[in-house]
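Student: Below are the sequence and a predicted model for it; my questions follow.
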Amino acid sequence: MESDSGIQYRRQMKSAETVAPAVEALIQDLPKVELHVHLEGSMQPATFLELVRKYDVPGLPRSLKEVGDYYEFRDFPHFIDVYIASVQVLREEADFALLTRDVAARLAAQNVRYAELHVSLYNHLVRGVPASVVFAGIEHGRRDAEREHGIRLRWIPDFPGDFGVEAGEQTLDAVLADGPPSVVGFGVGGIEVGRTPFKGIYARARAAGLHSIPHAGENGGPERVWEALTTLGAERIGHGIDSMQDPRLVEHLSRHQIPVDVSPTSNLRTRAIASIEEHPLPRMLDAGLLVTLNSDDPPMFGTDLVNEYRTAHILGLDGADLARLARNGVAAAFLEPADKRALSAEIDAVLADSQPA
């Protein structure tokens, strides 16, 4: 059978040879934080197939080649359909623990020190998987990973906005009843519908001490970002690339240094942009936005965080810019100030020791 690393999905991650050796070394050495990555969307094909066979799930791929075909997305709604179908393989505590350990090991191998992972909680609740099972599994995996790899993981449970207010209420109720202390925020994703109907849900979440971290402005226009800010009290914006269509919004985000979690390859693969060359990442940085770099759903999009740094370099960012992105991730993370200072100092030291082209 073809190995996990041999799968091409009809596209390849940008090779280390695409960038100068000194830049590649910098990318590898930089301590990293990842803030917009989905736990379920990080399931590697081998793990996915192991669970497909475990439960004999009909209608899902049975080989690595079929997984590659499965991950060829026509558009964003098609990606959501595939994503929802894929989570069917996660049913028991052991499945969630297995997934978490694997995802954490792969993040740690990229020198990711801290990650906040979105958990698609509603997609499990609606299948009859209790929140207690989901949280027990991911916490088991988190503790194992932190002990083995030293990486720290935190959780952002979310719900698909296109499933309506009831889905959000059910998800938040489950978080408040069963969520462990490692839950730091509350998210909304899915098809990008209006965010205003979720105002009451987010008021409850914030009152309970959860940070507001909605997806907005991926493909719904700058008005979705405004809604997230004004009605949901968003503290970070997931994606947010459509913000660049509204100069007043750009100025607001820049002035208040509201983080925007950007995932270039994801935007390309879901057809939010037509080509990687037109991605607004460089313009966002030039405008003074606090942009963080992320992989979103890495195996589904044929990428990982290291590859996103390569992509950023190919878009024109130099070594200092890449270090800036790494520092931005630290600044936007829900870490203690002392931890932020230590990580930022380490990033500065790595940059000072590098000779990027």
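Tutor: Happy to help now that I have it.
Student: what's the spacing between Ala203 and Glu278?
Tutor: Separation of Ala203 from Glu278 (CB to CB, to the nearest Å): 37 Å. Yep, even glycine has a C-beta here, placed from its N, CA and C like the rest.
Student: Asn227 and Gly189, how far apart?
Tutor: Wrong residue type there; residue 227 is Glu, not Asn. Using CB to CB, Glu227 is found at 14 Å from Gly189.
Student: In terms of neighbours, single out the busier of Ala203 and Glu278.
Tutor: Neighbour count, other CB atoms under 10 Å: between Ala203 and Glu278, Ala203 has more, with 14 against 10.
Student: all strands for the stretch 251-357 of the chain, in order.
Tutor: Secondary structure of the stretch 251-357 of the chain by DSSP state E, counting those that start in this stretch: the strands cover 260-262, 291-293.
Student: would TSV of the ones you listed with mean pLDDT, distance to Ala338 and mean neighbour count be doable?
Tutor: Output for those, formatted as TSV (pLDDT from 0 to 100; distance: least, CB to CB, whole Å; neighbours: other CB atoms under 10 Å):
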stretch	mean pLDDT	distance to Ala338	mean neighbour count
strand 260-262	98	23	26
strand 291-293	98	20	25
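Student: Make JSON lines out of those and add distance to Arg106.
Tutor: Formatted as JSON lines, the strands of the stretch 251-357 of the chain follow (distance: least, CB to CB, whole Å):
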{"stretch": "strand 260-262", "distance to Arg106": "19"}
{"stretch": "strand 291-293", "distance to Arg106": "16"}
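Student: Those strands: which one's closest to Ala131?
Tutor: Ala131 sits nearest to strand 260-262 of all those, at 24.4 Å, using CB to CB.
Student: Contacts for that closest one, please.
Tutor: By CB atoms under 8 Å, 6 or more residues apart in numbering, the residues outside strand 260-262 that reach it are 35-36, 236-241, 243, 253, 281, 284, 289-294, 332.
Student: Now do the SS call for the residue nearest in space to the middle of the chain.
Tutor: Geometric centre of the chain, nearest residue: Val37, 1.8 Å, by CA atoms, centre = their mean. Secondary structure, DSSP: H, G, I helix; E, B strand; the rest coil: Val37 is strand.
Student: which residues touch it?
Tutor: Contact analysis of Val37 by CB under 8 Å, 6+ apart lists 107, 115, 117-118, 294-298, 305.
Student: Which of those residues fall within helices?
Tutor: Cross-referencing the contacts of Val37 against helices under DSSP state H gives 107, 298, 305.
Student: What is the distance between the host helix or strand of Arg154 and the centre of its chain?
Tutor: Assigned by DSSP states H and E, Arg154 belongs to strand 152-160. Distance of strand 152-160 from its chain centroid, counting by CA atoms, centre = their mean, to the nearest Å, is 9 Å.
Student: Lys65 and Glu72, how far apart?
Tutor: In this view, Lys65 and Glu72 are 12 Å apart by CB to CB.
Student: Between these two, which is the more surrounded one?
Tutor: Taking neighbours as other CB under 10 Å, Lys65 and Glu72 compare with Lys65 leading, 15 against 12.
Student: do you know how far that one is from Ala323?
Tutor: 39 Å.
Student: where does the chain have low pLDDT?
Tutor: Counting by pLDDT under 70, the chain has low-confidence residues at 1-17, 356-357.
Student: by contact count, what packs against the longest helix that it contains?
Tutor: Of all the segments assigned as helix in the chain under DSSP H, the longest by residue count is helix 131-149. Contact partners of helix 131-149 among helices and strands, from 3 or more CB pairs under 8 Å, 6 or more residues apart in numbering; DSSP states H and E: helix 93-109, helix 121-125, strand 152-160, helix 165-178.
Student: Once you drop chain neighbours, what's closest to Leu325?
Tutor: Leu293 (4.6 Å; CB to CB, 6 or more residues apart in numbering).
Student: let me redo that: Glu227
Tutor: Closest to Glu227 by CB to CB, 6+ apart is Arg195, at 4.0 Å.
Student: hang on, isn't that neighbour packed against Arg224?
Tutor: Yes - Arg195 is within contact range of Arg224, at 6.1 Å (criterion: CB atoms under 8 Å).
Student: what is in contact with these two at once?
Tutor: Contact criterion CB under 8 Å, 6+ apart; residues shared by Arg195 and Arg224: Ala216.
Student: Can you mark which positions in stretch 190-200 are buried?
Tutor: 190, 192-193, 195, 198 (16 or more other CB atoms under 10 Å).
Student: Please render these as a markdown table that adds distance to Leu176 and secondary structure to the earlier fields.
Tutor: Converted to a markdown table, those look like this (distance: CB to CB, whole Å; DSSP: H, G, I helix; E, B strand; the rest coil):
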| residue | distance to Leu176 | secondary structure |
| --- | --- | --- |
| Gly190 | 21 | coil |
| Glu192 | 25 | coil |
| Val193 | 23 | coil |
| Arg195 | 20 | coil |
| Phe198 | 16 | helix |
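Student: so where does Val250 fall, helix or strand?
Tutor: Per DSSP H and E: helix 247-256 holds Val250.
Student: What is that helix packed up against?
Tutor: Short answer (3+ CB pairs under 8 Å, 6+ apart): helix 247-256 packs on helix 222-231.
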